[in-house]
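In: give me a model of this one.
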Amino acid sequence: MKKIIIPVALIAMVTASCAGDNQLKKASETITPAELREYTRILSADSMMGRKPFTPGETITINYLAGELERTGFAPAFGDSWFQEVPMVEINTTVQSPVLITAAGRKLEFSVPDDIALKSPSMKEYVELVNIPMVFCGFGIVAPEYGWNDFSVVDVRGKCAVVLVNDPGLYTGDSALFKGRTMTYYGRWRYKYEEAARQGATAILIIHETVGAGYDFSIPRKSSILPGLYQEPAAGDPEPCPVTGWLSAGAASELFGAMGHDVEKLRGEACVRGFAGFEMGASISLRLTNTHRRNSSMNVAGILRGTTRPEEAIVISAHWDHFGIGEKENGDSIYNGAVDNSTSMAWALEIGEAFSSMKKRPQRSVILFFPTAEEQGLIGSSWFVANPPVKQENLIACFNNDLLLPIGRMKDVMVTGYGQSELDDLLADAARKQDRYILPDPNPESGMYFRSDHFPFARAGVPALFARGNCDSREYGREWAAEQENDFIRNRYHKPADNYYPEMNFDGIAEDARAILDVAFTLVTSDVRPGWKPGSEFANIK
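Out: Have a look, this model is predicted:
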């Protein structure tokens, strides 16, 4: 009889793999719908006062999170502190209504904020524009890699730039133009504001369109009447555009119609490479007042230090902030933010607790991170990435979540930003174990990859994953799931109605947490370092 000799190294590998699988299985079992429910209920309770930075609600929220991190077995991530100060300035902008625009000899009045939603990131107390010329600049994009420059034949210095939302690929159906339906960073409002400032504009107005923006006009309208939070400018920082905002579709139609133009026709023309922007023959006058309040809001983070490579870390993140107390709607003025973003904080805490339950600690460190000021432009996560508790080059990956809908188990794992990194492939393996499939975001035109706290990590070259079950209910199917999401977006997103309800079903979020735990476990118990995929705009950063 012939003996089969199995190498000792192989036996060790198999034994270690089995032990690892067993440890992962036991850790996964600590993630429960009941605990997810309780975290969500607490974090979205009225006692949290809407979790707005610079308010008592912040203090209550961050202390609760720090207490849970400590209870779970994490250590403070920032030396001996759970908190990282993020210097910010709160600017409360009051705009005199109506805003006056003279177009083709006609005087038009636009109501603030119903027709035109304005903010000012300026440190000036007063900003007044008197008959400032308006310039139509297509999509307001300068993108050399796409051979695109909407400012090539126009000068907006000291003027008001008027631009379209999103980027040209969305409206043409041409997958070779930018990224087709998938929004690039050039389509985001933040980029357009930044580019207008670089071009020397005094003001910028984005023409709202629901598909291209990813939300209806009520979102920028509501944002404009709340105080804005901005990162405290440092010496040498470029000056922002003094006046920024949005024109409603109706207001834009009235404005361009007064000059004999049709907005839809102009949008089509602006999608053609080489489109020439033009002076509109219109001027805008407005007056606004800014009051400023400097303060620091807090990021919250804990760390579970690795055994052999503690200097390397993965990050699990979910923003803690929301809108506090604001305009009453149906008798309710507290913006509790149950889905945005208590469910995701619960998701992160459960993953952290699963790691902490492991008898054999991972080789790499695990950071549980709750950023501030996501709603105001990813300020907290941007600060963290620039000032991380480990060296930036030792951040292995970020797993972030936002807007986790508690509507039960899903067949899909929807990946926002699918195709960016090798994390997709690791997630596909985890999904298969749950009898689920990977679904690229079916609405890539909304630009969600640029709208939550994984984006600052990606922009710094750290592979980042934003994934959750969303579109294909195991029990009720795709159409029902779409109805649930649409109902949330229409009736509760960024509204006081985003409350915790006992009817919420957390079974699917528990599965999502276990899937991400699986991927994260692979990274912290091995020397695997995920990379960017060819074609990703982040591939050449590191």
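
In: output the lowest mean pLDDT helix or strand found in this protein.
Out: The weakest-scoring helix or strand in the chain, judged by mean pLDDT, DSSP states H and E, is helix 8-28 (a mean of 64).

In: following element in sequence after the helix or strand where Leu439 lies, please.
Out: With elements taken from DSSP states H and E, the one containing Leu439 is strand 437-440. Sequence-wise, the next helix or strand downstream of strand 437-440 (DSSP H and E) is helix 455-459.

In: packing partners of that next one?
Out: Counting contacts by 3 or more CB pairs under 8 Å, 6 or more residues apart in numbering; DSSP states H and E, helix 455-459 is packed against helix 379-386, strand 395-400, strand 464-468. In this view, the C-beta of every residue, glycine as well, is placed from N, C-alpha and C.

In: TSV please, covering the ones you listed and showing mean pLDDT, mean neighbour count and distance to Ala354.
Out: Listed next are these as TSV, based on pLDDT from 0 to 100; neighbours: other CB atoms under 10 Å; distance: least, CB to CB, whole Å:
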stretch	mean pLDDT	mean neighbour count	distance to Ala354
helix 379-386	97	24	22
strand 395-400	99	26	13
strand 464-468	98	27	17
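
In: as JSON lines, these with distance to Asp441 would be great.
Out: Formatted as JSON lines, the helices and strands packed on helix 455-459 follow (distance: least, CB to CB, whole Å):
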{"stretch": "helix 379-386", "distance to Asp441": "20"}
{"stretch": "strand 395-400", "distance to Asp441": "14"}
{"stretch": "strand 464-468", "distance to Asp441": "9"}
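
In: quick one: closest of these to Lys360.
Out: Closest to Lys360 of these, according to CB to CB: strand 395-400, at 18.9 Å.

In: now do the closest one and strand 464-468, the angle between them.
Out: With axes from the mean of the first three to the mean of the last three CA atoms, to 10 degrees as the basis, strand 395-400 and strand 464-468 are set at 30 degrees to each other.

In: what angle do strand 395-400 and helix 379-386 make?
Out: Per the same axes, to 10 degrees, the angle that strand 395-400 makes with helix 379-386 is 170 degrees.

In: where do the helices sit along the stretch 101-250 of the chain?
Out: Secondary structure of the stretch 101-250 of the chain (DSSP state H, counting those that start in this stretch): helices at 168-172, 189-198, 210-213, 218-225, 249-258.

In: the third one: how far from the chain's middle?
Out: Mean C-alpha position of helix 210-213 versus that of the full chain (CA atoms, centre = their mean, to the nearest Å) differs by 16 Å.

In: how about that helix: buried residues?
Out: Residues of helix 210-213 classed as buried: 212-213 (neighbour count, 16 or more other CB atoms under 10 Å).

In: which elements pack onto the top strand by length along the chain?
Out: Counting residues, the longest strand found in the chain (DSSP state E) is strand 278-304. For strand 278-304, the packing partners by 3+ CB pairs under 8 Å, 6+ apart come out as helix 56-72, strand 75-76, strand 83-95, strand 99-103, strand 126-136, helix 343-356, strand 364-370, helix 379-386.

In: who's in contact with the strand holding Leu439?
Out: The contact list for strand 437-440 (CB atoms under 8 Å, 6 or more residues apart in numbering) reads 411-415, 418-419, 424, 427-428, 431, 470-472.

In: mind redoing it with 7 Å?
Out: 411-415, 418, 424, 427-428, 431, 471 (CB atoms under 7 Å, 6 or more residues apart in numbering).

In: with stretch 335-349 instead?
Out: With contact meaning CB under 7 Å, 6+ apart, stretch 335-349 is reached by 36, 39-40, 43-44, 46, 50-51, 68, 316-320, 322-324, 326, 368, 370, 401-406, 488, 492-493, 496, 498-500, 509, 512-513.

In: pick out the residue nearest the middle of the protein.
Out: Centroid-nearest residue in the chain: Ser452, 1.5 Å away (criterion: CA atoms, centre = their mean).

In: once you drop chain neighbours, what's closest to it?
Out: In space, and not counting its chain neighbours, Ser452 is closest to Asp402: 4.2 Å by CB to CB, 6 or more residues apart in numbering.

In: list the contacts of the one you found.
Out: For Asp402, the contact set (CB under 7 Å, 6+ apart) comprises 318-319, 341, 344, 452.

In: top of those residues by neighbour count?
Out: Highest neighbour count within the contacts of Asp402, by other CB atoms under 10 Å: Asn341, with 31 neighbours.

In: need the pLDDT of that residue.
Out: Per-residue confidence (pLDDT) for Asn341: 97.

In: can you check the one 4 residues further on too?
Out: If you check Met345, the pLDDT there is 99.

In: how close does it get to Glu68?
Out: Using CB to CB, to the nearest Å, Met345 is found at 9 Å from Glu68.

In: again with Thr93
Out: Applying CB to CB to Thr93 and Glu68 gives a distance of 36 Å.

In: and Pro242, by the same measure?
Out: Remark: distance between Pro242 and Glu68 (CB to CB) = 42 Å.

In: and the closest residue to Ser120 other than its chain neighbours, what is it in contact with?
Out: The shortest distance from Ser120 to any non-neighbouring residue, by CB to CB, 6+ apart, is to Thr93 (4.6 Å). The contact partners of Thr93, taken as CB under 7 Å, 6+ apart, are 118-120, 228, 288, 290.

In: surely Asp167 meets Arg188?
Out: No - using CB atoms under 7 Å as the test, Asp167 is too far from Arg188 to be in contact (9.0 Å).
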